[in-house]
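**Q** okay, here's the prediction I keep looking at, along with the sequence it came from:
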Amino acid sequence: MNLKDTINNSVFSKISDIISGQNIDTYVIGGFVRDVFLQRANKDIDIVTTGDGIELAKQTAQSLHPSPKVSVFKNFGTAMFKYKGVEYEFVGTRKESYSYDSRKPMVSKGTLSDDQNRRDFTINALAISLHKNNYGELIDPFGGVEDISRKIIRTPLDPDITFSDDPLRMMRAIRFASQLNFTIQDDTFTAIQRNTKRLDIISMERIIDECHKILLSDVPSRGFLLLDKAELLVQFFPELSALKGFEIINNQGHKDNFHHTLEVVDNIAQTSSNLWLRWAALLHDIGKPKTKKYIEGQGWTFHGHEFVGTKMIPRIFKRLRLPLNEKMKYIEKLVLLHLRPIILATEEATDSAARRLLFDAGDDIDDLMLLCEADITSKNHQKVQTYLNNFTLVRTKLQEVEEKDALRNWQPPISGEEIMKTFSIKPSPIIGEIKTAIREAILDGIIQNNHESAYAYMIKIGTEKGLTPTH
Ligand code: CTP
């Protein structure tokens with residue numbers, strides 16, 4: 001197969017001029033070539049050469065206008081530059097061998113064929129020649145193109161060797177299957193199942209990076225179900241595995257919370273591409289196993305799972321090396337509040353309850369509503385529709401209250417300073433008490449959310465507490 005017309009790229013032509021003059025074989029290889037066949041854009045291009053990768057990168061950069069800056073990684077024998085928004089990475093063709101307890105390979109010079117052998121999957125081992133003699137020719141020793149058309153993930157060599165060499169590839173196999181909706185070939189999958197323990201030598205950052213890619217795929221449940229089936233999930237994310245299964249007592253069962261969670265994640269993937277909202281969906285019921293109880297006459301309950309789940313998040317984030325910053329706070333908030341709109345939807349939505357929800361959720365109210373809508377996973381279509389209709393009412397109510405009371409990013413209308421000045425008092429706990437009383441009165445709708453009403457209320461409360469206004 002010749003792809004001369006498909007790979008129309010000015011950098012490739014320059015490389016071709018340079019290497020053909022020196023008679024060095026050079027290829028574009030890996031993800032970029034795979035994505036040509038998948039018709040996906042790819043802005044990371046890998047070039048392998050039988051010559052010196054660093055030297056070729058420098059010569060290519062020099063021949064371009066404007067000439068990009070080359071970054072050289074001498075230890076790895078690689079060099080890269082960015083040109084017109086695309087990254088080009090150059091390396092010599094190589095052979096790798098691994099020791100059992102490290103994923104750092106011993107690298108030595110090899111042929112193109114050695115280089116293709118050491119790659120993870122047949123679909124990632126495709127190469128296109130850039131030499132003038134056969135410019136555009138596809139070199140596909142393992143049937144990668146056929147695997148793309150049959151939607152199959154398969155290792156080029158014995159999968160036990162490929163996965164043992166670099167156990168991150170087990171995560172990558174599942175990530176590609178999830179992203180591309182491909183099937184992992186049986187031998188390859190059973191090798192993953194045999195090698196799960198090898199994941200131990202992989203850093204959590206790299207594992208989570210693959211997890212992010214699974215979460216960001218169109219139907220993330222595909223990836224998580226495979227992680228579970230391969231028994232990789234339990235290794236790095238036991239809290240999520242613990243959601244699995246259900247029990248029956250007195251003929252009463254409860255939902256399998258793992259499958260429910262994945263349905264919620266798939267639902268949210270249809271309405272938002274926000275990675276952290278997808279994480280919130282993944283974690284929203286994480287407290288359920290710890291709170292599960294069967295109560296005679298009531299059935300299965302998970303009382304307080306939102307509180308317990310919220311408390312579990314910092315430890316999970318720390319272990320998974322996720323950022324312990326405002327992203328985590330955002331997820332904690334959504335997990336903590338995820339039942340509140342449901343309560344609003346099932347009971348009569350009072351102004352006061354809506355005000356409190358707006359106050360607590362702040363700017364995250366829209367994401368919270370998306371999460372709650374995604375959380376409706378009943379098989380009963382009628383029930384789902386009723387819930388969704390109720391949520392529409394809740395949204396209307398929230399909008400009305402917000403327009404009237406502007407509580408989204410609430411700032412106290414009376415400051416501590418003003419309370420001290422009004423009653424000529426020094427800092428003391430009573431100031432906090434008055435501020436809380438004002439906030440509660442606003443949230444309960446006793447007074448309006450403005451300075452005038454709050455000032456009058458402050459005088460009233462202060463006087464009741466034995467203070468005398470002096471200003
Ligand atoms: N590769 C590999 N084993 C790995 C990582 C990468 O064999 N653990 C090879 C594959 O041939 C891959 C290429 O290196 O195609 C480039 O890897 P990378 O840039 O990480 O991924 P892509 O395959 O391009 O996919 P994506 O950009 O979606 O991560």
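**A** Right, received. Where do you want to start? Numbering: from 1, shown residues only.
**Q** CA atoms for contacts and neighbours, from now on please.
**A** OK.
**Q** and the longest helix for this structure?
**A** Counting residues, the longest helix found in the chain (DSSP state H) is helix 381-405.
**Q** mind listing what's buried in the next helix or strand after that helix?
**A** The element immediately downstream of helix 381-405 (helix or strand, assigned by DSSP states H and E) is helix 416-423. With burial defined by 16 or more other C-alpha atoms under 10 Å, the residues of helix 416-423 counted as buried are 416, 419-420, 422-423.
**Q** just how off-centre is helix 416-423 within its chain?
**A** 47 Å (C-alpha atoms, centre = their mean, to the nearest Å).
**Q** dump the residue contacts of the residue nearest to residue 358 when sequence neighbours are not counted.
**A** Leaving out its chain neighbours, the residue that sits closest to residue 358 by C-alpha to C-alpha, 6 or more residues apart in numbering is residue 408, at 5.4 Å. For residue 408, the contact set (C-alpha atoms under 8 Å, 6 or more residues apart in numbering) comprises 358-359, 361-363, 402.
**Q** specify which member of the buried residues of helix 416-423 is nearest to the ligand.
**A** Ranked by distance to the ligand (C-alpha to the nearest ligand atom), the buried residues of helix 416-423 are led by residue 416 at 52.9 Å.
**Q** from residue 469, how far out is that closest one?
**A** For residue 416, the distance to residue 469 equals 14 Å [C-alpha to C-alpha, to the nearest Å].
**Q** list the contacts of stretch 425-445.
**A** 351-352, 355-356, 412, 414-416, 419-420, 447-449, 454, 457-458, 461-462.
**Q** alpha carbons only: can I get stretch 133-147 in PDB?
**A** Extracted in PDB, the C-alpha atoms of stretch 133-147 (Å, rounded to 0.1, in the frame of the first residue of the first chain):
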ATOM      1  CA  ASN A 133      13.000   5.100  -3.200                       C
ATOM      2  CA  ASN A 134       9.700   4.000  -1.700                       C
ATOM      3  CA  TYR A 135       8.200   7.300  -0.300                       C
ATOM      4  CA  GLY A 136       4.800   6.600   1.200                       C
ATOM      5  CA  GLU A 137       5.100   2.800   1.400                       C
ATOM      6  CA  LEU A 138       3.400   1.200   4.300                       C
ATOM      7  CA  ILE A 139       5.400  -1.400   6.300                       C
ATOM      8  CA  ASP A 140       2.900  -3.400   8.300                       C
ATOM      9  CA  PRO A 141       4.500  -6.700   9.400                       C
ATOM     10  CA  PHE A 142       1.800  -7.700  11.800                       C
ATOM     11  CA  GLY A 143      -1.400  -7.000  10.000                       C
ATOM     12  CA  GLY A 144      -2.100  -3.800  11.900                       C
ATOM     13  CA  VAL A 145      -4.300  -2.300   9.100                       C
ATOM     14  CA  GLU A 146      -6.400  -5.400   9.100                       C
ATOM     15  CA  ASP A 147      -6.700  -5.200  12.900                       C
END
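**Q** ok, and for that stretch, which residues are buried?
**A** Within stretch 133-147, judged by 16+ other C-alpha under 10 Å, the buried ones are 135-140, 142, 144-145, 147.
**Q** cool, and stretch 150-159?
**A** 151-157, 159.
**Q** which residues of this protein lie near the ligand?
**A** 30-31, 119-120, 124-125, 166, 168-169 (C-alpha under 6 Å from any ligand atom).
**Q** go again with 8 Å.
**A** 29-32, 34, 42, 44-46, 116, 118-121, 123-126, 166-169, 172, 176 (C-alpha under 8 Å from any ligand atom).
**Q** the ligand versus the spatially closest residue to residue 177 that is not a sequence neighbour, what's the distance?
**A** The shortest distance from residue 177 to any non-neighbouring residue, by C-alpha to C-alpha, 6+ apart, is to residue 183 (5.8 Å). As defined by C-alpha to the nearest ligand atom, to the nearest Å, residue 183 lies at a distance of 16 Å from the ligand.
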